[in-house]
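Visitor: sequence first, predicted model second:
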Amino acid sequence: MPRPLILFGAFDRHNFGDLLLAEVAAALNPGRALIHAGLAARDLRAQGGQAVQALSAVLDGAPAAAHDLLHVGGETLTTTAWEAAVMLQPPPQAPALVAYLQDRPSERAAWLRQTLGTQEAVPYLADRRRWPALRRVAAWGLGGVALPQAPAAVRAEVQAKLGALDAVAVRDGLTQAALQEAGLAAALLPDPAVLVPALFGQRLQAHAARGEVAALRTQWPAGYLAVQCGAEFGDDATLAALARQLTLALQGTGLGVALFRAGAAPWHDSLPLLHRLAQRLPAGRVRVFGSLHLWDIAALLAASAGCVASSLHARIVAAACGLPAVSLRSPQAGAQRDKTWAWVQSWQADEPGSVCGADGVAAALRQALALPARQRQAQAARLAQQCRLGYAAIQAALDAA
């Protein structure tokens with residue numbers, strides 16, 4: 001009988017991509033007993049996620065070599081302990097907590113140890129040397145584009161932890177190059193979310209046929225754009241620019257705009273921000289999508305005419321469905337190479353214009369919409385096939401005796 005497989009990742013908080021990656025990994029391991037683990041115990045089933053256990057609770061005291069573990073994607077190579085701990089807090093409490101601890105380093109360090117149960121700098125990367133209960137350990141879909149700029153202690157910890165794994169696959173060439181520079185070999189595979197339409201097509205159709213998605217399809221028979229932006233887009237000038245661009249993009253079409261959130265954890269998306277953006281868009285052409293359910297969000301994207309989002313996984317899912325996708329570059333990013341830029345350079349290098357600032361959305365959308373549907377669908381099929389084939393090697397490493 002196969003050993004139980006621990007799926008370990010940042011799906012102990014509400015983030016569309018992290019929740020989705022856990023579902024993809026589970027779907028590809030139907031014959032194994034699965035344990036969903038994060039840094040803290042959280043129950044996200046009401047939002048379409050999983051009942052997640054704390055990794056320490058699973059492994060402390062477990063028999064030697066009793067479990068295998070798969071790191072399930074995300075930008076976890078550079079998610080610090082501070083970021084991880086804050087994002088695990090209830091959103092209403094997080095701002096006051098951050099304000100209090102930000103300038104109190106000793107209290108902050110004690111709070112991190114208590115909250116996470118570890119002093120590790122990169123806690124979403126498990127240290128197999130700490131857990132005798134682990135037999136085989138692999139990582140799939142990891143990202144870490146900011147690793148070269150990380151403190152030396154963080155880079156050293158990542159190098160030691162990854163060097164102890166049985167197999168490692170990353171989702172972009174920038175992360176792969178950073179690991180190669182550190183002497184670590186890592187396979188380059190498309191993000192696991194490219195498999196969403198193939199694995200969950202019926203579920204997407206079911207969620208699109210009811211609730212808010214069905215209402216949007218009725219309201220705008222010509223279709224709608226699924227639009228998301230994170231909290232970093234909240235200043236008035238950026239919102240005004242984005243509204244002007246979306247209004248321009250709507251001209252001459254019957255399309256509407258569905259504003260949605262791709263994450264409700266602290267430092268993610270803001271419902272008040274979406275309402276502020278909606279007030280700047282033409283009346284009757286915009287609707288704020290309220291659901292935070294994983295499969296409602298996925299269905300919203302799959303049933304759309306195209307996507308404009310700062311969320312990387314919103315882009316990946318839309319593109320995996322063969323739809324036009326434009327990525328919003330953070331106002332704070334400037335010319336910095338972020339995870340979205342790295343993804344596009346790795347897998348959609350013929351679409352560099354699809355990553356833009358708020359003031360470039362209309363032109364980027366025109367370019368994305370002009371791309372032949374057959375070309376988008378062929379690209380989606382190619383990435384899905386590459387991901388499946390690559391995961392077979394990860395699976396083999398986990399299944400080894």
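Guide: Sure, I can see it.

Visitor: now for the lengthiest helix in the chain, which elements pack on it?
Guide: As far as residue count goes, and with DSSP state H defining each element, the longest helix of the chain is helix 373-399. Based on contacts counted as 3 or more CB pairs under 8 Å, 6 or more residues apart in numbering; DSSP states H and E, the elements that helix 373-399 packs against are strand 67-74, strand 134-142, strand 167-170, helix 196-208, helix 312-320. C-beta coordinates here come from the backbone N, C-alpha and C atoms, glycine included.

Visitor: and that helix, how far out from the chain's middle?
Guide: Here the centre of helix 373-399 is set off from its chain's centre by 18 Å, with CA atoms, centre = their mean, to the nearest Å.

Visitor: for it, what does the pLDDT average out to?
Guide: Helix 373-399 carries an average pLDDT of 96.

Visitor: could the helices and strands packed on helix 373-399 go into CSV alongside mean neighbour count?
Guide: As requested, those are exported to CSV (neighbours: other CB atoms under 10 Å):
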stretch, mean neighbour count
strand 67-74, 26
strand 134-142, 25
strand 167-170, 24
helix 196-208, 18
helix 312-320, 29
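
Visitor: can you tell which of these is closest to Gly306?
Guide: Of all the helices and strands packed on helix 373-399, helix 312-320 sits nearest to Gly306, with 6.9 Å by CB to CB.

Visitor: just the C-alphas of that closest one, formatted as PDB.
Guide: In PDB, the C-alpha atoms belonging to helix 312-320 read as follows (Å, rounded to 0.1, in the frame of the first residue of the first chain):
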ATOM      1  CA  LEU A 312      -0.800  35.200 -11.800                       C
ATOM      2  CA  HIS A 313      -3.100  32.200 -11.400                       C
ATOM      3  CA  ALA A 314      -6.100  34.100 -12.700                       C
ATOM      4  CA  ARG A 315      -4.100  34.700 -15.800                       C
ATOM      5  CA  ILE A 316      -2.900  31.100 -16.000                       C
ATOM      6  CA  VAL A 317      -6.500  29.700 -15.600                       C
ATOM      7  CA  ALA A 318      -7.900  32.000 -18.200                       C
ATOM      8  CA  ALA A 319      -5.100  31.200 -20.700                       C
ATOM      9  CA  ALA A 320      -5.500  27.500 -19.900                       C
END
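
Visitor: list the contacts of stretch 227-246.
Guide: In this structure, residues lying in contact with stretch 227-246 by CB atoms under 8 Å, 6 or more residues apart in numbering are 225, 257-263, 267-270, 273, 276-277, 280-281, 307-311, 314, 328, 330-332, 357-362.

Visitor: what does stretch 201-219 give?
Guide: In this structure, residues lying in contact with stretch 201-219 by CB under 8 Å, 6+ apart are 196-197, 224, 256, 258, 287, 289-291, 293, 295-296, 298-300, 302-303.
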